[in-house]
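Peer 1: Kindly generate the corresponding structure for this input.
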Amino acid sequence: MDYSPRTVGVVVDVIGRPGPYTYSWPQQLGEPNLGDEVTVPLRNRVVAGWVIDVDQGYAGAVKPVLKRRRVAPPDGVTRTALAASQWYSCSPVHFLRWSRRPLIRGAPEVRRQTGSGRLKREEVLFWHSVGDSSLEVAESVIASRYPGESGIAVLPTRRQADRLLARLRNAGISAADWVSSWDLVATGGIGVAVGTRTSGLAPVPAPRFVLVVDPVDPAMRDQSSPYFEGFELARLRAREEDADLVMVTAAPPLEEAVRLRVLSQSFPESARRWPKIRLLFRSDLDGDRGVPGWIAQNGRALVSAAAAIKLAVVVPDGATNASVICGSCGAVQRCTRCNSLLRPVNLGRGAYAREIERLRGALALDALYCSVEAETVKAVCMSCGSERLRVVGVSSRRAAALLEGALRREVVLCPDDGPVGGEVVVGGVGLLDRLEEVGSVVLWGLDRFFGVHSMVGSPLAIYYLNRAASLVAPRGGEVVVVLDDRAHPVAEAIATRDLSRLYRGELALRERLRLPPARALAIASGPLAGELANALVSKHPRDVEVMPGRKEGSVLIVADDELRLHRLANSVEHSVDTGMLKLEFSPRNL
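Peer 2: Numbering: from 1, shown residues only. As a prediction, this is how the structure comes out:
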């Protein structure tokens, strides 16, 4: 009989030194499970850790595990967390923290079976029409394709998750928020687990499907290292469990529009169902009255809907978001080198004076500035040489003040949090998430809702358009889209209602520029970024290309495809301390 103790591999919650380390497993702790959260001795202290490997064999002189703190989630969750740490070349601790049970006390009988071994699985895209609600389509997909099946639904925000949860429950589908109902989900008492971008780690035993709604939403990407995508985490979970991966959106990321099998896309038919969308270009508006003047002139039609909130005006987030337009030819001023939007510069004025001018809307224009090239140029039109330049773009606060004066009625400025009330409301893009129904929506400067260097610019613009369109559709309202640039490809897509042409054009442009999906990119930053770049070039001189990034000390890493780039990053030793090295794969902004 073999009396030798068992050993386990444990990663510890220690910055820069996660391990794994080998410990012996005392028999009094019962059977070890993959993903058990434990406490272990490390040098002269006691730290928390997770079991990532279970081995039978002689322990030798290794130290024992002291305590099992939390019961492990289903095995598929832990395997997904480990796969994600490999994919993003980071410490497993980051994802294991998200996967753990919220409560320490108690130990539910977690169902540990997985869905691996299924003979058939698919990765599909339900590409619905602009104006249709993604939540309504998601509910229909779950009810019709997976009746009575267990699964996971991943949404960008908490509000959207709560709305889908209410829809599913009203349809008689067993569903719950997986974070607050962790034990019930892990024991198989709930069919569909609903949550936000970390829901790929929901403790659903053997899910049949993983459904992702609107992955292009900025909230679906973690804003700190390792900058993981909610959709990519969902993809890893679906592959670990041999589950179906389903995307529901009106604006898929470009890479996924190519990669996934499209089940619902009939643009000629869907174009007829688009709600009423009106395009406005700044060059066509009155130079003095601008957008507020146009809204005041057409206000009676815009606020006539029988809705509690009759008009919502959405402006780009940020301070002034100012851009410069030529009064002679109407061209939006862009850098002749990098095509970045040129910003107005007030030379010889102090910060206080500039702030007063900004609040008054009297932005004096002395020069133009490119933030990418870090150069100041003369204030003349880059296209025709005219000096008749004017500054456009306001903050949400100033937009509310201008509209109140133009409409001669109360306009409510909506903060990021708190209730939304009033017949006419103004706010940033977060306002689209907080509203459930509205009469009409004005998207004030849609082409400034994302940066010129954004890798998801066009899909993101269509996504915001769809959010607005789905809000006005029940009341037969109107979406007014204000654009600076008449030549913007999104303007043509809206005018022709042809999204397929927009996507084909974007794909062809990226192919010429050698950008994803034609190539794979990553950005390394931090004190050790240069060391990682040197190691990659030294070990894989033919497989990787390295060049300086936009930010000082950052490095852009280029490879032929996404899978190869991730493998190359894992092939060299590097720090997992995010204070020393940050790796961002598939960056949304270059």
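Peer 1: C-alpha only now, for contacts and for neighbours.
Peer 2: Noted.
Peer 1: which residues touch residue 375?
Peer 2: Going by C-alpha atoms under 8 Å, 6 or more residues apart in numbering, residue 375 touches residue 369.
Peer 1: Please tell me the pLDDT value assigned to it.
Peer 2: Listed pLDDT for residue 375 reads 81.
Peer 1: now do residue 67
Peer 2: Note on residue 67: pLDDT of 89.
Peer 1: Next, count neighbours for it.
Peer 2: Residues near residue 67, counting by other C-alpha atoms under 10 Å, number 15.
Peer 1: and if you look at residue 377?
Peer 2: Neighbours of residue 377 under the rule other C-alpha under 10 Å: 14.
Peer 1: how about the nearest residue to it, chain neighbours excluded?
Peer 2: Spatial nearest neighbour of residue 377, excluding adjacent residues (C-alpha to C-alpha, 6 or more residues apart in numbering): residue 368 at 5.2 Å.
Peer 1: isn't there a strand covering the one you found?
Peer 2: Yes - Residue 368: assigned to a strand according to DSSP: H, G, I helix; E, B strand; the rest coil.
Peer 1: Show the contacting residues for it.
Peer 2: Applying C-alpha under 8 Å, 6+ apart, the residues contacting residue 368 are 342, 343, 344, 345, 376, 377, 378, 379.
Peer 1: Flag whichever of those residues scores worst on pLDDT.
Peer 2: On pLDDT alone, residue 345 ranks lowest of the contacts of residue 368, at 72.
Peer 1: just checking, that one touches residue 370?
Peer 2: No - using C-alpha atoms under 8 Å, residue 345 is not in contact with residue 370, being 10.0 Å away.
Peer 1: wait, isn't residue 533 in contact with residue 555?
Peer 2: Yes - with contact defined as C-alpha under 8 Å, residue 533 counts as touching residue 555 (7.2 Å).
Peer 1: Overlap of the contact sets of the two?
Peer 2: Shared contacts of residue 533 and residue 555, defined by C-alpha under 8 Å, 6+ apart, comprise residue 546.
Peer 1: Tell me who's in contact with residue 479.
Peer 2: By C-alpha under 8 Å, 6+ apart, the residues touching residue 479 are 275, 276, 277, 278, 440, 441, 442, 443, 468, 469, 472.
Peer 1: Now list the buried members of those.
Peer 2: Among the contacts of residue 479, the ones that count as buried by 16 or more other C-alpha atoms under 10 Å are 275, 277, 440, 441, 442, 443, 468, 469, 472.
Peer 1: Tell me the bridge partners for the fourth one.
Peer 2: Read it as residue 441. As for beta bridges, residue 441 partners with residue 312, residue 479 under DSSP bridges.
Peer 1: and it, what does it touch?
Peer 2: Contacts for residue 441 were tallied using C-alpha under 8 Å, 6+ apart; they are 311, 312, 313, 314, 468, 469, 472, 478, 479, 480.
Peer 1: Got the confidence number for it?
Peer 2: With respect to pLDDT, residue 441 scores 91.
Peer 1: do the same with residue 41
Peer 2: On pLDDT, residue 41 comes in at 91.
Peer 1: Just the ones of the contacts of residue 479 in helices?
Peer 2: Of the contacts of residue 479, the ones assigned to helices by DSSP state H are 468, 469, 472.
Peer 1: Would you reformat those residues as TSV and include pLDDT?
Peer 2: Formatted as TSV, the ones in helices among the contacts of residue 479 follow (pLDDT from 0 to 100):
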residue	pLDDT
468	92
469	91
472	88
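Peer 1: Redo those as a markdown table? Include distance to residue 123.
Peer 2: Listed next are these as a markdown table, based on distance: C-alpha to C-alpha, whole Å:
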| residue | distance to residue 123 |
| --- | --- |
| 468 | 28 |
| 469 | 27 |
| 472 | 31 |
